[in-house]
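Chemist: build me a model:
(2 chains)
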Amino acid sequence: MTEVSYGAWDGVVFDYRDDTSRSAHNAFPVLKNFDEFDDGNRIRAFFGDRGFFIFDPTVSLIDALWRQMVEAADQSCGKCTPCRMGTVLVRDALDALRRGETPPLGLDGIETIADQMTATSMCGLGQTCAKSLLTALRDFRDVIEAEIERGPQPEQHGLAYMTAPCIEACPSRINVPRYIDYIRDGKPEHSLGVILQKYPMAATCGRVCVRFCEMACRRKMVDEAVGIKTLKRYVAEQQTGDNALRFGRELIAQPLGADMRVAVVGAGPAGISCAYHLLLHGYHVDILEAMQEPGGMAAMGIPSYRLPKKVLHAETDIITELGGRFVFNKALGRDYGIDDLFSRGYRAVFLAIGCQQGTRLGVEGEDPLTAGYKSGIAFLLDVHDHVAGTRKVTLYGDVVVVGGGNVAMDCARSALRMGAAKVHLVYRRTREDMPADREEVEAAEKEGVIFHFLTNPVKIVTDDDRITGVAIGAMRQTIADGRGRRGVEPVPDTERVLACTTLIAAIGQQVRAETLRADDRVALDQWNCVKVDPTDLATSRPGVFAGGDCASGPSTLIHAMANGLKAARSIDDWIRKGHVCFQPRSRMRDLLNDNQMLADDAVEVPVKPQYRVHHPELDPEVRKLMFEEVEQTITPEQAYREAKRCMRCYRTYSVITENPIANGA
Amino acid sequence: MTSSDVSAAPAGATATDTTARELSATINGQPVTGRAGESILECARRHGVYIPTLCELADIDHTPGTCRVCLVEIRTKGSSKTHLVTSCTTPMEDGIEIRTRTAALRAMQRLQVELLLADHDQDCATCIRHGKCDLQDVAQFVGLTQNRFFDPARVAARPVDDSSPALIRNMQRCIRCQRCIAICRDGQGVDALIQTGSGLETAVGLRYGLTQKNSACVTCGQCVLVCPTGALGERDETDRALEMMYDPELITVVQFAPAVRVGFGEEFGLPPGTNVEGQIITALRMLGADIVLDTNWGADLVIMEEGTELLHRLKKKQRPTFSSCCPAWINFVERHYPDIIPMLSSTKSPQQCVGTLAKTYLPEKMGIDPKKIRVISVMPCIAKKDEIARRQLSHDGVPEVDVVLSTREFARLLQREHIDLKSLEPSGFDNPYMSEYSGAGAIFGTTGGVMEAAIRTMYFVVNGKELEHVEIEELRGFEGVRTATVALGGEIGDVKIAMCHGLKPTRQIVELVRSGKSDLDFIEIMACPGGCVDGGGTLRSKKAYLPHALKRRETLFGIDRKKAVRQSHRNEQVQALYRDYLGEPDSEKAHHLLHTWYTDRKIEMTQTVREVWADIKMGGKVY
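Modeler: The predicted structure follows:
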């Protein structure tokens, strides 16, 4: 383990400078992965909002604290007085000290202003950016005074990083407080710009995202989480109407030569996002898609009452506007293999082929060919075709959906719209355990879906090769294991038959068996997903990268789009440099995450409750019969009001390293 | 986009439940009774405890929490810790202990103001707000004695937009209170202002980076009324006005608007709403005005023209017709809704009617050289400064009106010349051609006044007899949008009318008209809430928004009531104008002199992602 020389954390001061035996009473928190930042580059010190650790006692505190304040001053929104001016004054004073000059503000002056910023700033940025400075000034002033004595500070290397709980929770690391800020500022087109830095599908994400950001939102300690998704949908509206934000080829800063071609396999969220970033990097990108339209699971798997097709297609059109090319009706495995792609001159391949094959329930009597049996994914494809008008599908009688995720919810709500008399949802765990979005569960319930929790199918009942029912049995929770998790087990003799005409198994998906062949030389993992290195999404075959559901198993839209960006970076590195480069900011995030640096602190002072706005919705009785969009976009007035609820929980973190950090910083 | 009521939070019900609940707390050790849902600041004010504030403005429910000056120390019930919070944003709680004057707090409030001044133009003596500035007051309250962080280079880096003839935005004096943004967005619904930049570069700017002159701003000037400092203000023309009045070669003609006489006395210690018409006339003569005219006379004239125009349009079933007196409203139409231009009355505003005739009819009558005439107007408005700069309202390079002074500049002019209005003997108008007015002209300055004046005259034109009750109470409400049906009789019959004040309600009416769902015939619009009596050029109040609206309005109604002549068409000087000079209302000559046209000046802005990205701080840089 990395040994701390001195420091302070959460108000506890540690000082082992004169105590090499480390018999000091304060045991230091266990730090993980703190030895090196990047290859061979030792971490000498770490600074955050809760304190700092110095591993190498020769680190210059003045220089390190100056770096921390440079980042804060650079990111200060400038609205509230103490942070706007305080960060600048303190930064400049530390800069003078660093250069061996005498600043107009002495250490007491710096301390007074740092205290003012911490105590009176409006948001998390100002409240926290001077905390480690204050600790250093109060508990280790001797170190700072000795440094001043010595004159100009030695040059140091490092990285400062500002983030917030919502940013860290988001797989795409959208700068949520910033885009909310821009709404407040009256610049929704800038908000959209922030989102577009990460992916092109803002309107889609604003409708169907599972919102990890809102789960991490600290506003819920006051009342309710900020309606981040609702606001995203509002800013995505900037892509439509009279003054729509325009995309164009001029966005591509450095177009590359005609030979710089990349093939993206699959036009789902991962593929679209990867293609978008590669295009912006200047590559020529072809997206090969097995279906006849772009969108992947966002088009096939998400019903139109949640995501209208025209919204999705307006966003996939961005690819074409940027010069990308869609090739439809071309399926990997059926029409071409990976070797074919390389022989056609593509320099790299991104596999975003999804998990299109439903996982079986594994119960007696299960046969996918039985009339009335559907996998969740196959059913959603039926729904898609039905709504698109290409194939009419109707349901009658009662329908049973098995599963507790969003796909199961989509199946259940769609089944109602397709004419089912009753829809039962069977889930083996409790309501709280359901991975589906709470809102989705509530919406399904309001529309009349009948839930059976702690219930599991045990047998499929058929008559003349037609499903007539499913036998279900009750489950119960087992006692908690060592990690506090409770499993479920069947309750004996509780079997009963739920009559139905259709059974939809929506418990999971995997990569379709015939897509990747042995001669593609892309290895799969034990769950039949494409095996990738999580840091760069490289597969077992050089030049082939994979992301989205096909690499991770069925996951979320935002996860897929995050993968697209990551893959685009890897592919860019791989093509230009022959290897994937170190990502300093990703490393920083891992450091924060591994050590749980973002405190789950409380809001201690009273804050005026201002409850979040909700999307206007249509009446459940009306909407349950239709596939038009259920939710509507909020008004500018509502958006301004909602944006004001954000508390901007920004935190600044920085490391000081032995050597310059690879690949920028 | 349609608005909807779904925004009402689910917590609505609980909010009402707790409103009734009283909270016991202490401020500086004294027991106080708080109300659930109110802020500490509101509670302190109710109990007479002063807490310094800068950004907050209770009258428009504005508590952005940006200045961080209204700090208090709190200890919540059962807690051993104290916290510093801003009293404007922190709600009262039961059992909360609040301290407002501890030594630590006072030091922090003082430091806050000192930090505010670190990039603030300190040349107070040159500031239009000097002596009437909230920031100066607060600096005094916190006992500021030093200014350690002031750096002129930081001040110089802050932008000043002086592109507009009407409004100057001087960010060097801005304290980032965001009141202007709030009034423009939430109050007026114009939403032309945005927050630009970050960090020290944070400023208020216009949407799409446009200049004041070319932006979606309609210069209603309500932002000026809420600005706590001199960051927002009119373009000061007092010097130009003085030059003209001092110049012996020139004949200066001064007119002043209906609302000026009732919104001016308080600057000189008279009760708000006092009618100081007579003192203004005396003051203008002392300043050197050669001829003093009354815009009220122009208002009567406008009724003759606009009323006639309206009756023509009604006969042709053209509807609706929008009034055209208010220059901010004209800006609003040209900038935001040019498609309704054909619905605007073509009649010039009273100011321009007076200006135009002061350079044509008046010199002919008085035998003076029109080239020597300069027209100065005193207006409760800054959009009037935009109006005189319109190319339609200049002829061969000669503007109809040369200088507009807002009420504020007029006050400044008197102060510069050491004229104390309060001590002046009132005097009367003496111009025999263009200064008499009817009660109808007098009420032009308040919402519904134009409509009431028009109805009085149109009724006479249609029926050949006067309306029995000239005060039409149904029109005198104060809601943002008021509609009524008035029986004009004769071949016209019933007319459906609406009166709007404030641009937010105006937008609703315009949207209604554009949707084709309105059956209105005549719509009076005044861009400022309350009408001209609370125009963007009126005297500023500290820590209050439109506090004197109703008093000023009452005085205008009082003037009308005392007038022997209460209908525009009975104004003898107006009658003489038609008899001797114009012929009939809407005659060719009248049309030439008293009507105008409008142009499409819509702001069309399509931004590209590239432009937006160039302006975004690329944290977690991708490209």
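
Chemist: domain ranges for the chain, per the record?
Modeler: You didn't say which chain, so I picked chain A. Chain A breaks down by automatic domain parsing into domains covering A:6-164+A:650-657, A:252-359+A:508-581, A:360-506.

Chemist: I was after chain B.
Modeler: Taking automatic domain parsing as the reference, chain B has its domains at B:126-134+B:145-234, B:238-594.

Chemist: could the ones you listed go into JSON lines alongside distance to A:His384 and mean neighbour count?
Modeler: Every C-beta, even on glycine, is put in place using the N, C-alpha and C of the backbone. Output for the domains of chain B, formatted as JSON lines (distance: least, CB to CB, whole Å; neighbours: other CB atoms under 10 Å in any protein chain shown):
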{"stretch": "domain B:126-134+B:145-234", "distance to A:His384": "40", "mean neighbour count": "21"}
{"stretch": "domain B:238-594", "distance to A:His384": "36", "mean neighbour count": "21"}
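
Chemist: would you turn those domains into JSON lines with mean pLDDT and distance to chain A?
Modeler: Formatted as JSON lines, these follow (pLDDT from 0 to 100; distance: least, CB to the nearest CB, whole Å):
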{"stretch": "domain B:126-134+B:145-234", "mean pLDDT": "95", "distance to chain A": "3"}
{"stretch": "domain B:238-594", "mean pLDDT": "96", "distance to chain A": "10"}
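
Chemist: burial check on whichever residue of the stretch 501-650 of chain A sits closest to chain B, number of neighbours?
Modeler: Closest contact between the stretch 501-650 of chain A and chain B, by CB to the nearest CB, is at A:Tyr611 (3.5 Å). Neighbourhood size, A:Tyr611 [other CB atoms under 10 Å in any protein chain shown]: 18.

Chemist: phi, psi of it?
Modeler: When read as degrees, to the nearest 10, the backbone of A:Tyr611 gives phi -70, psi 150.

Chemist: test my guess that it contacts A:Glu224.
Modeler: Yes. Using CB atoms under 8 Å, A:Tyr611 is in contact with A:Glu224, at 5.9 Å.

Chemist: just to revisit the earlier point, using JSON lines, please lay out the domains of chain A together with mean pLDDT.
Modeler: Formatted as JSON lines, the domains of chain A follow (pLDDT from 0 to 100):
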{"stretch": "domain A:6-164+A:650-657", "mean pLDDT": "92"}
{"stretch": "domain A:252-359+A:508-581", "mean pLDDT": "93"}
{"stretch": "domain A:360-506", "mean pLDDT": "91"}
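
Chemist: could those be laid out in a markdown table, adding distance to A:Ile195 and mean neighbour count?
Modeler: Formatted as a markdown table, those follow (distance: least, CB to CB, whole Å; neighbours: other CB under 10 Å):
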| stretch | distance to A:Ile195 | mean neighbour count |
| --- | --- | --- |
| domain A:6-164+A:650-657 | 15 | 20 |
| domain A:252-359+A:508-581 | 10 | 21 |
| domain A:360-506 | 20 | 18 |
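
Chemist: between these, which gets nearest to B:Arg552?
Modeler: Distance to B:Arg552, taken as CB to CB, is lowest for domain A:6-164+A:650-657 among these, at 34.9 Å.

Chemist: rewinding a little: need the domains of chain B in a markdown table (columns: distance to A:Gly419).
Modeler: Converted to a markdown table, the domains of chain B look like this (distance: least, CB to CB, whole Å):
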| stretch | distance to A:Gly419 |
| --- | --- |
| domain B:126-134+B:145-234 | 46 |
| domain B:238-594 | 37 |
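
Chemist: and residue 595, what pLDDT?
Modeler: You didn't pick a chain, so chain A it is. Turning to A:Asn595, the model gives it a pLDDT of 89.

Chemist: chain B was what I was after
Modeler: pLDDT for B:His595: 98.

Chemist: A:Met291 contacts A:Val327, correct?
Modeler: No. A:Met291 lies out of contact with A:Val327 (CB under 8 Å); the separation is 11.4 Å.

Chemist: spit out the contact partners of B:Ser198.
Modeler: A:75-78, B:617 (CB atoms under 8 Å, 6 or more residues apart in numbering or on different chains).

Chemist: element containing the residue in chain B sticking out farthest from the centre?
Modeler: In chain B, the residue that sits farthest from the middle, by CA atoms, centre = their mean, is B:Ser80; the gap is 49.2 Å. Of the helices and strands defined by DSSP states H and E, none includes B:Ser80.

Chemist: report pLDDT for it.
Modeler: 91.

Chemist: and the gap between it and B:Glu97?
Modeler: Using CB to CB, to the nearest Å, B:Ser80 is found at 12 Å from B:Glu97.

Chemist: circling back to that earlier point, and the contacts of B:Ser198, which of them are in helices?
Modeler: Counting by DSSP state H, these place A:Gln75 in helices.

Chemist: now tabulate the contacts of B:Ser198 in TSV and tack on distance to B:Gln136.
Modeler: Formatted as TSV, those follow (distance: CB to CB, whole Å):
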residue	distance to B:Gln136
A:Gln75	32
A:Ser76	26
A:Cys77	26
A:Gly78	23
B:Lys617	34
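
Chemist: how close does the residue found closest to A:Arg344 once you drop the neighbours it is linked to in the chain get to B:Pro529?
Modeler: Residue nearest to A:Arg344 in three dimensions, not counting chain neighbours: A:Ala263, with 7.8 Å by CB to CB, 6 or more residues apart in numbering or on different chains. Taking CB to CB as the criterion, A:Ala263 is separated from B:Pro529 by 61 Å.
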